[in-house]
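1. Return atomic coordinates for the entry below.
(chains A and B)
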There are 2 protein chains.
Amino acid sequence: MTGTAYQRLENRFRRLGALRDAEALLHWDLATMMPAGGAEARGDQLAVLTSLRHGILTAAETEELLETAEEAAKAADGLDPWQAANLREMRHTWAHATALTGEQVEALSRTASACEAAWRDARADDDFAAVLPKLETVLALVRETAAAKAEKLGISPYDALLDEYEPGGRSREIDRVFADLEAFLPGLLAEVSERQASDPPVREPEGPFPVERQRDLAVRLMQVLGFDFHHGRLDVSLHPFCGGTPDDVRITTRYDEADFTSALMGVLHETGHALYERGLPAAWRGQPVGDARGMALHESQSLLIEMQVCRSRGFLGFAAPIMRTMLGGDGPAWDTDNLYRLYTRIRPGFIRVDADEVTYPAHVILRYSLEKAMIAGDLEAADLPAAWNEGMGRLLGLTPPNDRLGCLQDIHWYDGAWGYFPTYTLGAMTAAQLFAAALNADPAIETGIASGDFTGLMTWLADNVHSRGSLLTTRELLVAATGRPLDAEIFKTHLKRRYLA
Amino acid sequence: MTGTAYQRLENRFRRLGALRDAEALLHWDLATMMPAGGAEARGDQLAVLTSLRHGILTAAETEELLETAEEAAKAADGLDPWQAANLREMRHTWAHATALTGEQVEALSRTASACEAAWRDARADDDFAAVLPKLETVLALVRETAAAKAEKLGISPYDALLDEYEPGGRSREIDRVFADLEAFLPGLLAEVSERQASDPPVREPEGPFPVERQRDLAVRLMQVLGFDFHHGRLDVSLHPFCGGTPDDVRITTRYDEADFTSALMGVLHETGHALYERGLPAAWRGQPVGDARGMALHESQSLLIEMQVCRSRGFLGFAAPIMRTMLGGDGPAWDTDNLYRLYTRIRPGFIRVDADEVTYPAHVILRYSLEKAMIAGDLEAADLPAAWNEGMGRLLGLTPPNDRLGCLQDIHWYDGAWGYFPTYTLGAMTAAQLFAAALNADPAIETGIASGDFTGLMTWLADNVHSRGSLLTTRELLVAATGRPLDAEIFKTHLKRRYLA
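-> Residues are numbered from 1 along each chain as shown, chains lettered A, B, ... in the order given. A predicted model of the protein is given here:
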């Protein structure tokens, strides 16, 4: 072994990055291509890769190298800013990995897999009681995880979970912006609902829309946005996602021949994720500082494309004739104005993934408050259905008729992903703030979008977000790009402009 | 760590097996799905996985465990036959891996990659001189590899290379059977050529044959053979192959809309490989004893299906009406007799992969004799074109007009795969011998094939070949299944029956 401690860490993390990329491809294949009979073997492959990665990361030598490199970095001719940030991110990754023993990691992984499988049946059968024992076991292990990570990282147990998805994210900040939204949204919703009720009814374009045509349309609009098929693919999976690696980005969707609108907007959403991945700094591939900054910023990139851009009247003015031609549509349902009203229709409902942008935050705030209470020990899993339904009544005025439409709808908790939910709404607010700053910096972006020219927007995003990888913290990046930290006012202004103007 | 040394070795090889399976999926994806821009990152992923696997295999602990387990196995209550064979195969895998240093492995891999890339251009440009320097470097490293492995394994340098693809394979045996074929085939070829020349001309079914229809037909016949789509897929790649893993077998083909015959027979060939993989002993997944026995036996399974079964008049009598219906064909070109003559047409040519079963062995014997001479130092890379053309003249009476149709046609040597070629013809002979034994054991197999019922054949193959994994050596397996070691007479009898009867 030669080179400085820092260089040796780069080599080590390059191997970790390649392993993680291999896992990403195995996951993509599992969701898109794998015949069902391959599931068990695939599970073994993924478990072995994850365990090898954990072993390399938590080896004693990694810690020694981190300490030596950190000491050396204090010298005058130490690291450049990218290297310094890379070392900081390495330490962060290492801290999360070593907070738990291998046995704890494996116990949580095994328990979550079993609970997730039970949840699939419980949701289908609308039988919360059937999955409750397993959920209780998961919760107990997650509390243990949170406590261990809290001690290691010196932050609260909930923040220690959140920190894995949103490095540097803190519930104190989230509480503040979510309280702001929670006070604002019910009034807005009432006003928007009243206004939309008095509008003439929205026309639904009539299908069927053959999958092949929907796919061609999606590809066409992906190309307009700048998706590079030399470095990516579009496929089909049950649950849409963006996977793969920056040089080989794989997005998926699911088509409904009776309704093209959902698959199409889903593809554009995933394209936002994909453009972020593709735009990450090529010089830092495989290194922690070359990774996306966190889930809030990742979600901001998909929501900026979907909510800020593609559901705007400007973009739909450009896209409506393409949709009509490529799907063989005819009549007033295909007018820009109707499609715009269709794509900005507000309807409170039980299901988060079907929610519009005005009611979506309520779904997130509910889950965030419940998971915080469960981690803190203030709420037990057995009391979840009642707490859920109470919250839905308070936040959206709806009472779920059953747990399938209530606390059984999302995979996250059952699968062990606690502390993830707030990133959706942090992403929506960040998207509004970044887009406002982009328009402010280059007013031609708006006219570009309306004519299908994304050069201006993509240049701004590349410069201010994508190419920065994890050089800055989320907060620093946002301040550098928009002049201030996360500010709920900008999101509120966006909603008022779009829905009440 | 708990358990006996043998149990700990099983754990270690289970991880190695999962890593290799992951690599197999990454290779499949590379050939079928990956956008071109993902190539560099995929190369990194594969290199890291291979290096991790090599590291685990060659770790000092592996050798210690092997020694302890071998010592313990001598006790009265030692290992059962499967475990003992597993331990033998572990030692064999280990011996190959440790014969070379990590630096040697990497140097060969890097040099072969560079040479393979240069070969693609050289072949396109018909410019052997352009790739010669790189081929010379590869050959030098391969000679070094052969010498190192020869010393470690106690066999000749050429056999040490062959042994990696065909464990236990020895050139002394191959020399004997190939000499037999070399004496027999020219006379047969002359006789068959004369006979076929006097037959009325074969009719070529007229296309175009849309890819979708060709695929449906291929899937239909794969199902007839017993391919389980719950555990496998059929996709498209430039060079057809069988990849994936036993529980998730992935075969590929390449369609030509002007001519369906090649893709269809290619799919059936790969299905033979796939059925072998799928039929490997499930109880030994991931362990060396659960692997396919070697490349000769693997090729025997594809050639048994393709050459012995699917090009037979009996099978074509069953398949011809299905082909005609599913491809929308009409007229006398679709008669069983014409399709049979089409699929058994003998035409000496320059290209191995296009060769029929009578001339194919000549292509293999040429390459085998040349690579033996090059490894022994009796032939230099610079003299390859002349030696090649001389051999083609002697063996097939043809003089290649250029090196593209000569010594530049195959990837093997340029890519570092020396010692592989003989397995093709060993496979063809083994296929004839196994099929003859199967018919002898269960005469109903022949009528089954003619009516599309493969139960009898597949039961025999499962019992005598597939389910045995690597329990026996190739020779032992052949003796157990057919009553004798490899015997060229049976292959010769097959050719005489098919082409001169």
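
2. Mind listing what's buried along stretch A:385-394?
-> For stretch A:385-394, burial by neighbour count (16 or more other CB atoms under 10 Å in any protein chain shown) applies to A:385, A:387-389, A:391-392. Any C-beta I mention is one placed from the backbone N, CA and C, and that applies to glycine too.

3. same question for it, mean pLDDT?
-> Over the span of stretch A:385-394, the pLDDT mean works out to 97.

4. likewise stretch A:290-297?
-> Mean per-residue pLDDT for stretch A:290-297: 98.

5. And for it, what's in contact with it?
-> Residues from elsewhere that reach stretch A:290-297 (CB atoms under 8 Å, 6 or more residues apart in numbering or on different chains): A:89, A:165-169, A:246, A:276-277, A:280-281, A:283-284, A:298, A:420, A:422-423, A:426-427, A:430, A:465, A:468-470, A:472-474, A:477.

6. who's in contact with the residue most central in space within chain A?
-> Chain A has A:Glu299 as the residue nearest its centroid, 4.1 Å off, counting by CA atoms, centre = their mean. A:Glu299 makes contact with A:423-424, A:426-428, A:430-431, according to CB under 8 Å, 6+ apart.

7. follow-up on the earlier one: can you say which of the contacts of stretch A:290-297 are buried?
-> A:89, A:165-169, A:246, A:276-277, A:280-281, A:284, A:298, A:420, A:422-423, A:426-427, A:430, A:465, A:468-470, A:472-474, A:477.

8. Among these, which lie within strands?
-> Applying DSSP state E to those, no entry is found in strands.

9. filter those down to the ones near chain B?
-> Here is what survives when the buried ones among the contacts of stretch A:290-297 are matched to chain B using CB under 8 Å from any CB of the partner chain: A:Pro246.

10. Who does whichever residue of the stretch 201-350 of chain A sits closest to chain B form a beta bridge with?
-> The stretch 201-350 of chain A approaches chain B most closely through A:Asp248 (3.0 Å), counting by CB to the nearest CB. Listed beta-bridge partners, A:Asp248: A:Thr245 (assigned using DSSP bridges).

11. dump the residue contacts of it.
-> Applying CB under 8 Å, 6+ apart, we find A:Asp248 in contact with A:25, A:231-233, B:34-35, B:37-38, B:41-42.

12. close enough to count as contact, A:Gly266 and A:Tyr255?
-> No: here A:Gly266 lies out of contact with A:Tyr255, judged by CB atoms under 8 Å, at a distance of 9.6 Å.

13. Over to A:Asp235. Which of the three states is it?
-> Classification of A:Asp235 by DSSP: H, G, I helix; E, B strand; the rest coil places it in strand.

14. ok, it - how many residues close by?
-> Applying other CB atoms under 10 Å in any protein chain shown, we find 17 residues neighbouring A:Asp235.

15. Equivalent analysis for A:His231, please.
-> A:His231: 20 surrounding residues under other CB under 10 Å.

16. just the buried residues of stretch A:385-394 now: which is nearest A:Pro321?
-> Minimum distance to A:Pro321 across the buried residues of stretch A:385-394 is 40.0 Å, recorded for A:Met392 (CB to CB).

17. now for the host helix or strand of the closest one, which elements pack on it?
-> Using DSSP states H and E, A:Met392 sits within helix A:384-396. For helix A:384-396, the packing partners by 3 or more CB pairs under 8 Å, 6 or more residues apart in numbering or on different chains; DSSP states H and E come out as helix A:128-153, helix A:171-198, helix A:360-376.

18. got a markdown table for these, with mean pLDDT and distance to A:Met326 too?
-> As requested, these are exported to a markdown table (pLDDT from 0 to 100; distance: least, CB to CB, whole Å):
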| stretch | mean pLDDT | distance to A:Met326 |
| --- | --- | --- |
| helix A:128-153 | 97 | 43 |
| helix A:171-198 | 96 | 28 |
| helix A:360-376 | 98 | 29 |
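
19. highest average neighbour count across the ones you listed?
-> Highest mean neighbour count of the helices and strands packed on helix A:384-396: helix A:360-376, a mean of 22 (counted as mean count of other CB atoms under 10 Å in any protein chain shown).

20. Quick one: residues contacting A:Ala160.
-> Contacts of A:Ala160 (CB under 8 Å, 6+ apart): A:99, A:146, A:149-150, A:152-153.

21. ok, and the closest non-adjacent residue to the residue nearest to the centre of chain A?
-> Leaving aside its sequence neighbours, A:Glu299 sits nearest to A:Gly427 (CB to CB, 6 or more residues apart in numbering or on different chains; 2.6 Å).

22. Now do the contacts for the residue lying closest to A:Met265 once chain neighbours are set aside.
-> If the residues on either side of it in the chain are set aside, A:Met265 comes closest to A:Glu306, at 6.0 Å by CB to CB, 6+ apart. Residues near A:Glu306 by CB under 8 Å, 6+ apart: A:265, A:268-269, A:272.

23. Highest neighbour count among those residues?
-> Highest neighbour count within those: A:Gly272, with 28 neighbours (other CB under 10 Å).

24. wait, doesn't that one sit right on A:Leu304?
-> Yes: using CB under 8 Å, A:Gly272 is in contact with A:Leu304, at 6.0 Å.

25. Please tell me I have it right and A:Thr423 contacts A:Asp163.
-> No: in terms of CB under 8 Å, A:Thr423 does not count as a neighbour of A:Asp163; the distance is 11.4 Å.

26. Show me the common contact partners of these two, please.
-> Residues touching both A:Thr423 and A:Asp163 by CB under 8 Å, 6+ apart: A:Gly169.

27. what does chain A put close to chain B?
-> Within reach of chain B by CB under 8 Å from any CB, chain A has these residues: A:14-15, A:18-19, A:21-22, A:25-26, A:29, A:33-38, A:40-42, A:44-45, A:47-49, A:52, A:228-233, A:244-248, A:285-286.

28. From those, which land in strands?
-> Among the residues of chain A next to chain B, the residues falling in strands (DSSP E) are A:232-233, A:244-245, A:248.

29. Of those residues, which pair is most distant in space?
-> Most distant of those, by CB to CB, are A:Arg233 and A:Thr245, 11.8 Å apart.

30. So if I had to pick from the two, which one is more boxed in?
-> Applying other CB under 10 Å to A:Arg233 and A:Thr245 shows that A:Thr245 carries more neighbours, namely 27 against 20.

31. contacting residues around the more buried one?
-> A:Thr245 is in contact with A:21, A:24-25, A:277, B:38, B:41, counting by CB under 8 Å, 6+ apart.
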